[in-house]
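Visitor: Provided below for reference: sequence and predicted model.
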Amino acid sequence: MRLIAASILLLLTLTASVVMLGVPYHYAQQDRDNINAGATHQHWTGTDDLGRDRTVRLAGALLLGLIGAAAASALAGSLAVSAGMGAAFAPVWLGRIILYLSDVALTLPWLFLLMMVRSALPLNLAPIHSATLTFLLLGLLGWPAFVRANHARARTLRTAGWLVHGRAAGLHPLQLARQLLPHLAPLLLTQFLIYIPVCIVAEANLGTMGLGISEPLPSWGSMLLALQNSALSANTHWIYLPIALLVFVLLLLEMLLVEVKS
Amino acid sequence: MKRLAGAVLRLLRVASLVLLAVLGTMALLRFAPGYFSDSRELDAQHASIVREQLQSQQQREGSFASTATAQLRSWMHGDLGRSRQFDAPVSSLLRDRIHTTTRLLAGGILAGWLIALLFALPLSLRRGSSGEIMIALPVALLLAVPAGAMATACLLANCGGPMLVLAAVIAVRDFKMVYSLLRQISAAPQLLYARAQGFTTARIIRAHLLPSLPGELLALAMTSFVLALSAIVPIEVVFDVPGLGQLAWNAAMNRDLPVLLAVTLLLAVSIGVAAIFADSADSRTEREPACA
């Protein structure tokens, strides 16, 4: 199951890359004679409300979503493992403060927090910077969810014989951390895979509210917002393709996750 | 004495949560690169005047510590400030919208829990994993749809409203937790014995399963509440519901700091109070273990 899901995801990513490179349209190029059009030989899955090729935009959204979410997930995982290990190996009072702060951050509705921070960014932000900042924020706000798990794992490792021996032998904390990381790898992989769909969903939700990645860069959020704005005036069912593909990608990621959890 | 100390500790925890949330929000917004900018700057006619206003505001505000102290002091006196966007007292804006959001939250959470329980109870009592397999696909499908996308789809299909979407968001996430909780409980030896004795499913649910649940369910309700608070923003925005979520979104789009801070304060207080309820229910369950 995991292999099938991973293969389909890889195939989708490769197809999206080929589309981005091979199709003679730019994601921002407008064809004003074909607005909200259905599938044609020219535009395989039709065009949006500005006459932009939907296939190219979908491919761009898929690639941007996956790459951005993977980067955000890696950042959140790194911060979580640093905080978890820090809390386990630091003096007790410092460990408690780290865990308390992560608990406080966890109790806040983070979509709301994300929305506030995203809204406070400059108005004239370039699209690529808005994408970078959106995923950077997702990475920076995602670590508290995983701190407890990392802390628990690091605490069990703290009393391991080889680690005690290493400390007694005078190994530097950084050397010890390098030895510890492989033991945390399975946990890190699970966290990484858990947080990718979370980031994609968060970006889509932010985009629905007009606070996601700026136009004309294609993203799941901006495509959902366009669907909301143009669905009533469009005569084609192709406009629902972004939502269908988004759900399909998230299902594939969920399938990957089920296998890893089991 | 021990109980009093526990209550004081919980109150301190809530107070620190509120303080940290408010100070964190202030710091995040105050130091964000776009804090001293306004959407009116995009209008060529007013841009220069707005820029001058923002510059004078920047000079007036001073350090972060003085701004935060002034804000906290005015809150102590019951003054939540004045909305920059609506030019109205923030307290009156909140008062107008709080009922709508409370109704939506209460209805959505309640309906979500009912749906989750209605599916989880009978499925958890089935032997083997057939129940899990039956529900796996719809659950995975619903989990994969973002709240904003679900709301958009409902709006376009002209079926269901904000409460139904919120209920679906809550139900699908809570179902997984309630189902695994019930599976654990239903595997207990006394329930196997009750089954062997020929007790009906309805009686097992009424006499054995439900009494073991309240503590855990209250703790899970806290998670649902936080989840609902996150989901309510896109839902209110998409369905154009005049609630707190829409107000916060409007404030975020227009950089209306007093409104954003007041909504954060309200959210932090409500989450803190919900956490107190969840904690006290949890400690009560620990003191009085459910009879088997």
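Guide: It's in. Numbers count the residues shown, from 1 in each chain, chains lettered A, B, ... in the order given.
Visitor: which residues of the chain fall in helices?
Guide: All of this refers to chain A. Ranges of helices within chain A are A:2-22, A:54-89, A:92-107, A:110-119, A:127-142, A:144-158, A:161-168, A:173-208, A:220-230, A:241-261, based on DSSP state H.
Visitor: that answer is for a different chain, and I need it for chain B
Guide: Going by DSSP H, chain B shows helices at B:2-30, B:47-61, B:64-76, B:90-124, B:130-143, B:147-157, B:162-186, B:189-196, B:201-204, B:210-212, B:214-239, B:244-253, B:257-287.
Visitor: give me the distance between residue B:168 and chain A.
Guide: 14 Å (Cβ to the nearest Cβ, to the nearest Å). C-beta coordinates here come from the backbone N, C-alpha and C atoms, glycine included.
Visitor: do residue B:277 as well
Guide: Residue B:277 sits at a distance of 13 Å from chain A (criterion: Cβ to the nearest Cβ).
Visitor: how many residues are close by that residue?
Guide: Residue B:277 has 15 neighbours, counted by other Cβ atoms under 10 Å in any protein chain shown.
Visitor: pLDDT value on the closest residue to it other than its chain neighbours, please?
Guide: The shortest distance from residue B:277 to any residue other than its chain neighbours is 6.6 Å, reached at residue B:218 (Cβ to Cβ, 6 or more residues apart in numbering or on different chains). Note on residue B:218: pLDDT of 72.
Visitor: residue B:218 contacts residue B:276, doesn't it?
Guide: No: between residue B:218 and residue B:276 there is no contact under Cβ atoms under 8 Å: 11.1 Å.
Visitor: sorry, back to before: closest one to residue A:45 among the helices of chain A?
Guide: helix A:54-89 (4.4 Å; Cβ to Cβ).
Visitor: tell me who's in contact with residue 256.
Guide: Just going to use chain A. By Cβ atoms under 8 Å, 6 or more residues apart in numbering or on different chains, residue A:256 lies in contact with A:2, A:5-6, A:9, A:193.
Visitor: ah, I was thinking of chain B
Guide: Contacts of residue B:256 (Cβ under 8 Å, 6+ apart): B:83-86, B:250.
Visitor: got the phi and psi for it?
Guide: phi -90, psi 90 (degrees, to the nearest 10).
Visitor: also residue A:212?
Guide: Backbone geometry at residue A:212, expressed as degrees, to the nearest 10, gives phi -90, psi -140.
Visitor: chain neighbours aside, what residue packs nearest to it?
Guide: residue A:221 (3.3 Å).
Visitor: residues near the one you found, how many?
Guide: 28.
Visitor: show the pLDDT at residue 206.
Guide: Defaulting to chain A. Residue A:206 carries a pLDDT score of 85 in this model.
Visitor: not what I meant, chain B
Guide: As predicted, residue B:206 sits at a pLDDT of 75.
Visitor: do the one 4 residues further on as well
Guide: Residue B:210 is assigned a predicted lDDT (pLDDT) of 71.
Visitor: can you check the one 3 residues further on too?
Guide: Per-residue confidence for residue B:213 comes out at a pLDDT of 69.
Visitor: and for residue B:109?
Guide: 91.
Visitor: for it, what are its contacts?
Guide: Residue B:109 neighbours (Cβ under 8 Å, 6+ apart): B:166-167, B:170, B:221, B:224-225, B:228.
Visitor: with residue B:139 instead?
Guide: Each residue near residue B:139 by Cβ under 8 Å, 6+ apart is listed here: B:172, B:175-176.
Visitor: can you get me a residue count around the residue nearest to residue B:277?
Guide: Around residue B:218 there are 18 residues (other Cβ under 10 Å).
Visitor: distance of it relative to chain A?
Guide: Relative to chain A, residue B:218 is positioned 16 Å away (Cβ to the nearest Cβ).
Visitor: low-confidence ranges, the stretch 1-150 of chain A, go.
Guide: A:107-111, A:118-119, A:123 (pLDDT under 70).
Visitor: check contacts around the residue nearest to residue A:243 when sequence neighbours are not counted.
Guide: Nearest residue to residue A:243, sequence neighbours excluded (Cβ to Cβ, 6+ apart): residue B:149, at 5.6 Å. Going by Cβ under 8 Å, 6+ apart, residue B:149 touches A:204, A:208, A:224, A:243, A:246-247.
Visitor: cool, residue A:145 as well?
Guide: Residues in contact with residue A:145, defined by Cβ under 8 Å, 6+ apart, are A:76, A:80, A:106, A:195.
Visitor: can you tell me which of these lies closest to chain B?
Guide: Nearest to chain B among those: residue A:106, at 8.4 Å, using Cβ to the nearest Cβ.
Visitor: not counting sequence-adjacent ones, nearest residue to residue 83?
Guide: As the question left the chain open, I've gone with chain A. Nearest one to residue A:83, counting by Cβ to Cβ, 6+ apart, is residue A:147 at 4.9 Å.
Visitor: to clarify, I was referring to chain B.
Guide: Closest residue to residue B:83 apart from its sequence neighbours, by Cβ to Cβ, 6+ apart: residue B:259 at 5.1 Å.
Visitor: and the residue in the stretch 151-292 of chain B positioned nearest to chain A, how many neighbours?
Guide: Residue of the stretch 151-292 of chain B nearest chain A, by Cβ to the nearest Cβ: residue B:252 (3.6 Å). Residue B:252 has 25 neighbours, counted by other Cβ under 10 Å.
Visitor: count of residues packed around residue 202?
Guide: This is for chain A. When neighbours are counted by other Cβ under 10 Å, residue A:202 comes out with 28.
Visitor: can you look at chain B instead?
Guide: 8.
Visitor: for residue A:63, same thing?
Guide: Residue A:63: 17 surrounding residues under other Cβ under 10 Å.
Visitor: over to residue A:116?
Guide: With other Cβ under 10 Å as criterion, residue A:116 counts 24.
Visitor: got it, and residue B:198?
Guide: The burial count for residue B:198: 7, using other Cβ under 10 Å.
Visitor: need phi/psi at it.
Guide: Here is the backbone geometry of residue B:198 (degrees, to the nearest 10): phi 90, psi 20.
Visitor: just give the nearest non-adjacent residue to residue A:255, would you?
Guide: For residue A:255, the closest residue by Cβ to Cβ, 6+ apart turns out to be residue A:5, at 3.9 Å.
Visitor: hmm, residue A:249 and the one you found touching each other?
Guide: No: with contacts counted by Cβ under 8 Å, residue A:5 stays clear of residue A:249, the gap being 10.3 Å.
Visitor: more neighbours, the two?
Guide: Using other Cβ under 10 Å as the criterion, residue A:5 and residue A:249 rank with residue A:249 on top: 24 against 18.
Visitor: distance of residue B:54 from chain A?
Guide: 12 Å.
Visitor: from residue B:67, how far off is that residue?
Guide: Separation of residue B:54 from residue B:67 (Cβ to Cβ, to the nearest Å) stands at 15 Å.
Visitor: ok, residue B:242 next?
Guide: Distance of residue B:242 to residue B:67, computed by Cβ to Cβ: 30 Å.
Visitor: more neighbours, those two?
Guide: Neighbour count, other Cβ under 10 Å: between residue B:242 and residue B:67, residue B:67 has more, with 15 against 12.
Visitor: the more buried one touches residue B:23, doesn't it?
Guide: No: Residue B:67 is not in contact with residue B:23 according to Cβ under 8 Å; the separation is 10.9 Å.
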